[in-house]
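Trainee: my questions concern the predicted model and sequence given below.
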Amino acid sequence: MTGPSPVDDDRGCLRLVLAVPLVLLTLVAALCCWTALAIRPSGPWDDDAYAGIVLSCVLAIGAAGAVVGVCLLPSVRRIMGWWWTGPAVLAGAVAAIRWATGG
């Protein structure tokens, strides 16, 4: 028997299963990044707004790191390409810049 077995040729379903956490974590990173960019402090005294910006940035960077961490797993690397990490890493980078500039 020279052809691939049906078990070995099930990459489409596996790709769909592995895409779910990557897409959800990317959405979390994008939402937190958007929140960090949307929060506008009323003035230099508005500590709650600055705390919200920092929290949103930390969550966005954490979610982006989780996407990269999931893509580092050998079983995921065989099936998914590195381009899946692009949007999450971009959102994490924007959040890091927002956090560094301090609002």
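Mentor: Nice, thanks for sending it over.
Trainee: least confident secondary structure element in the chain?
Mentor: Lowest by mean pLDDT, DSSP states H and E among the helices and strands of the chain is helix 74-79, with a mean of 78.
Trainee: contact partners of the next helix-or-strand element following it?
Mentor: Following helix 74-79 in sequence order, the next helix or strand is helix 86-101 (DSSP states H and E). Contact partners of helix 86-101, identified using CB atoms under 8 Å, 6 or more residues apart in numbering, comprise 22, 25-26, 29-30, 32-33, 36-37, 53-54, 56-58, 60-61, 63-65, 67-68. Placement of C-beta: from N, CA and C, glycine included.
Trainee: quick one on the thing from earlier: show me what the least confident helix or strand of the chain is packed up against.
Mentor: Helices and strands touching helix 74-79, as assessed by 3 or more CB pairs under 8 Å, 6 or more residues apart in numbering; DSSP states H and E, comprise helix 11-38.
Trainee: quick one: the helix it packs on to helix 86-101, angle?
Mentor: Put simply, helix 11-38 runs at 20 degrees to helix 86-101, going by axes from the mean of the first three to the mean of the last three CA atoms, to 10 degrees.
Trainee: residue numbering should commence at 677 henceforth.
Mentor: Taking 677 as the first residue, the last one we looked at is helix 687-714.
Trainee: that older thread, and the least confident helix or strand of the chain, C-alpha only, in CSV?
Mentor: Extracted in CSV, the C-alpha atoms of helix 750-755 (Å, rounded to 0.1, in the frame of the first residue of the first chain):
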residue,chain,number,x,y,z
PRO,A,750,5.9,21.1,17.6
SER,A,751,2.5,19.6,16.8
VAL,A,752,1.2,23.1,15.9
ARG,A,753,4.2,24.1,13.9
ARG,A,754,3.8,21.1,11.6
ILE,A,755,0.2,22.1,10.8
